[in-house]
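Novice: Here's a sequence, model it:
(chains A, B, C and D)
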There are 2 protein chains.
Amino acid sequence: MSTKSTTAVLAFEVVKTACSNCNLRELCLPIGLEADELKKLDELVSTRRRLKRGDYLYRAGQGFESIYAVRSGFFKTDVLIEDGRDQVTGFQMTGELLGLDGISSEVHSCNAIALEDSEVCAIPFSHLEGLSRQIHTLQHHFHKVMSREIVRDHGVMMLLGTMRAEERLAAFLLNLSQRFKARGYSPAEFNLRMSRDEIGSYLGLKLETVSRAFSRFQDEGLLSVHQRRIRILNTAGLRRLMSHQRG
Amino acid sequence: MSTKSTTAVLAFEVVKTACSNCNLRELCLPIGLEADELKKLDELVSTRRRLKRGDYLYRAGQGFESIYAVRSGFFKTDVLIEDGRDQVTGFQMTGELLGLDGISSEVHSCNAIALEDSEVCAIPFSHLEGLSRQIHTLQHHFHKVMSREIVRDHGVMMLLGTMRAEERLAAFLLNLSQRFKARGYSPAEFNLRMSRDEIGSYLGLKLETVSRAFSRFQDEGLLSVHQRRIRILNTAGLRRLMSHQRG
DNA sequence: TCATCGGGTTGACGTGGATCAAACGCAGAG
DNA sequence: CTCTGCGTTTGATCCACGTCAACCCGATGA
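Specialist: Next comes the predicted model:
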C-alpha cells in the first residue's frame, strides 16, 4: 500500500453498497450530485465485485453490459492482436472507470486484470444511460469522463510517438505520483503495482530499457528505487527531463 | 478527390442545412433515428462552416462549445507540448466527429486543421446533451461514437508501441482504404491529403522513414505511389506484413 | 539450512530508424 | 519559357533501444 498522507480515502470496509455512503464519491461518478440524485444513483450500482490479484474483471470479446468503478485496488487493461503481440493500454486506480471501450460494439475490446486484490462497483450501462437522461449533472459528468479518457489517450500517443525512453518513464512516474496525491497518498513515495515488463508494455519499451532508466534515475539522484518501491527525490528534475527537446 | 465507386455520398452542395436532408446521415450522428427525431436533430445543427485548406477549425486552448461533424473535406488534429514537440493525433474525414476532446475541460485540447477545403456542421454541445436526454437512440449512438474513439486510440497506441515502421504504414494505409470504401470511394486508389511529415507525425516516424517505406512497398509490388496518389496493388500482402511477428 | 523460481539488473552487441545532407520534381510566379 | 520553393526521395552515417545472455536477489518451500 502507498503511504497515506491523509486518511480521507481509507476505510474501505463500509457495510452498505451505496454511492451516498462511499468515500470515493468525490473521485467517481457521483461528483456534484445533490442528495436526492445520489439516492437514485444508489439504486444504479447493483453489484459489488471482489477480485484477487491476477483475476480478470472482463476479457476482450466478452459481451459488454456494465462499466466498473474501481473502489479499491489497482488494474491494468491490455489489448492483444492475433499475432500474439499485446500492449497495456492503461492502469486504473481507485475511483477510475473501467469498460468504456465496450460501449462502441457491445463487446469488450480489451482485458481488465486486477494487479492486486481489488473491489469494483458494477454499473449496468443501460441503467446509467437511463439515469443520465434524468440527471443532467450525471450525464454531463459521464461525458466528461469519456472525453477525459480520450484526452489521456492522446497524451499516451504523444508519449509513444515523440518521447525517448527516459522521458517516457519520467512522464509515467509523474503521472502516477500526481494520481496518488489526488487520492490522499504521498506523491513522493509509493510502490508500483506492476512489473517492469508491464510498465515497458505501456510505454512501448522493453523491460530491460525500463530497468536501465530506473537505474540511471537513481544514479542521478532523481529517485530511489528498491524493487517496486519508488521514492521521488527530485520532481523538478524529472519534469525538466521530460520536457527536454530531444538531441 | 478520391475515385468514387458510387455516387451515394457526393453532391454536397445541397441547399438546406438539415440532417434530414443530408446524404451523410448513415455515417454521422443521425444513424438509426426516426423521421420525427431527425426533425428535432435538424434544429440542433445550427451552423454550417466552410474552411479553406490550412484553416483552423479550432485551436488548443479555445473554449469548447460545439462538436463538429465533417460534411466534406479532410482534417487533422494535433497536440503540442511546451517544448515545441507536436503530434498528429488523428485524421478525420466525411461523417466523422471533431471536438470530443474538449468536453472534459470545456477547452479544446488539440488543434483541428483542414487539410483541404472543407465544410462542417457545428453542433452546440449543450443542445446535443439536451436532445440526447429526449432521444434514447441519439444518446446511445453518441456514447458509441465516443467509445469508438477510445477504441481507435487504443489501436493507435498498439501501433505506436509495438509495430515497426513498415507495419505502421501498412496499418495506416489499410485503415484509410477501408474508410474510403465505407464512403463509397475506391478502397484501392486514392490520394493522400496529408504530407509525409504529417503521416510520420501520426505514426511516430520521421518523414524520411515514411518515404522509404513507401518506396519499399512500391519495389515489392504492394503499392504504386506517385506523390500523394496511392494505388493499393496487394491488400493481402499489406495485411500479412502488418501482422507479422517482428524478427 | 539450502534449492528453487520469478522478477529485476547489468553487460555486450546488433539493428531499425533518426539524423544529416544532397538532389529531385512538380507547381506556381514572373 | 525559366526561376523559385517546397515536398519528397535517396544515400551515408550514427545512436538509442532491442536482443541475447549471465547474474542477482528476495520470497517460498522442503
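Novice: so where's chain A shaky on pLDDT?
Specialist: Low-confidence regions of chain A, defined here as pLDDT under 70, cover residues A:1-17, A:46, A:245-247.
Novice: now the top helix by length along it against helix B:136-162, angle please.
Specialist: Among the segments of chain A that qualify as a helix by DSSP state H, the longest is helix A:136-162. Helix A:136-162 runs at 20 degrees relative to helix B:136-162, counting by axes from the mean of the first three to the mean of the last three C-alpha atoms, to 10 degrees.
Novice: Please point out which parts of helix A:136-162 sit buried.
Specialist: Of the residues in helix A:136-162, those scored as buried under the neighbour-count criterion (16 or more other C-beta atoms under 10 Å in any protein chain shown) are A:138-143, A:145-151, A:153-162. No exception for glycine: its C-beta is placed from N, CA and C like everyone else's.
Novice: can you check stretch A:159-174 too?
Specialist: Burial within stretch A:159-174, assessed by neighbour count using 16+ other C-beta under 10 Å, is assigned to A:159-163, A:165-174.
Novice: Can you sort out which of these also neighbour chain B?
Specialist: Of the entries in the buried residues of stretch A:159-174, those that also sit close to chain B under the rule C-beta under 8 Å from any C-beta of the partner chain are A:160, A:161, A:162.
Novice: give the contact list for the residue nearest to the second one when sequence neighbours are not counted.
Specialist: Among residues not flanking residue A:161 along the chain, residue B:204 sits closest, at 3.6 Å (C-beta to C-beta, 6 or more residues apart in numbering or on different chains). Contacts for residue B:204 were tallied using C-beta atoms under 8 Å, 6 or more residues apart in numbering or on different chains; they are A:160, A:161, A:162, B:87, B:160, B:168.
Novice: Roughly how far does residue A:141 sit from DNA strand C?
Specialist: Using C-beta to the nearest atom of the strand, to the nearest Å, we find residue A:141 at a distance of 36 Å from DNA strand C.
Novice: swap that for residue A:36, please
Specialist: With the distance defined as C-beta to the nearest atom of the strand, residue A:36 ends up 47 Å from DNA strand C.
Novice: What is the neighbour count of that residue?
Specialist: For residue A:36, the count of nearby residues is 9 (other C-beta atoms under 10 Å in any protein chain shown).
Novice: Roughly how far does it sit from DNA strand D?
Specialist: Distance of residue A:36 to DNA strand D, given as C-beta to the nearest atom of the strand: 48 Å.
Novice: Name the SS class of that residue, please.
Specialist: Residue A:36 carries the three-state label helix when classified by DSSP: H, G, I helix; E, B strand; the rest coil.
Novice: Same question for residue A:105.
Specialist: Of the three states, residue A:105 takes coil according to three-state DSSP.
Novice: what's the neighbour count on it?
Specialist: There are 13 residues near residue A:105, going by other C-beta under 10 Å.
Novice: Residues of chain A that sit close to DNA strand C?
Specialist: Applying C-beta under 7 Å from any atom of the strand, we find that chain A lies next to DNA strand C at A:195-197, A:207-208, A:210-212, A:214-215, A:225, A:227-228, A:246-247.
Novice: switch to 10 Å and redo it
Specialist: Residues of chain A lying near DNA strand C by C-beta under 10 Å from any atom of the strand: A:54, A:161-162, A:164, A:192-200, A:206-216, A:218-219, A:225-230, A:245-247.
Novice: List, out of the residues you listed, those positioned next to DNA strand D.
Specialist: Among those, the ones lying close to DNA strand D by the criterion of C-beta under 10 Å from any atom of the strand are A:164, A:200, A:206-213, A:216, A:226-227, A:246-247.
Novice: Check the gap between residue A:108 and residue A:98 for me.
Specialist: For residue A:108, the distance to residue A:98 under the criterion C-beta to C-beta, to the nearest Å works out to 10 Å.
Novice: Common neighbours of the two, please.
Specialist: The contact lists of residue A:108 and residue A:98 share residue A:58, where a contact means C-beta under 8 Å, 6+ apart.
Novice: a markdown table for the ones next to chain B among the buried residues of stretch A:159-174, including distance to residue B:61?
Specialist: As requested, these are arranged in a markdown table below (distance: C-beta to C-beta, whole Å):
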| residue | distance to residue B:61 |
| --- | --- |
| A:160 | 23 |
| A:161 | 21 |
| A:162 | 20 |
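Novice: For residue A:224, name its beta-bridge partners.
Specialist: Legend: beta-bridge partners of residue A:224 under DSSP bridges are residue A:231.
Novice: What's the local residue count around it?
Specialist: For residue A:224, the number of neighbouring residues by other C-beta under 10 Å comes to 13.
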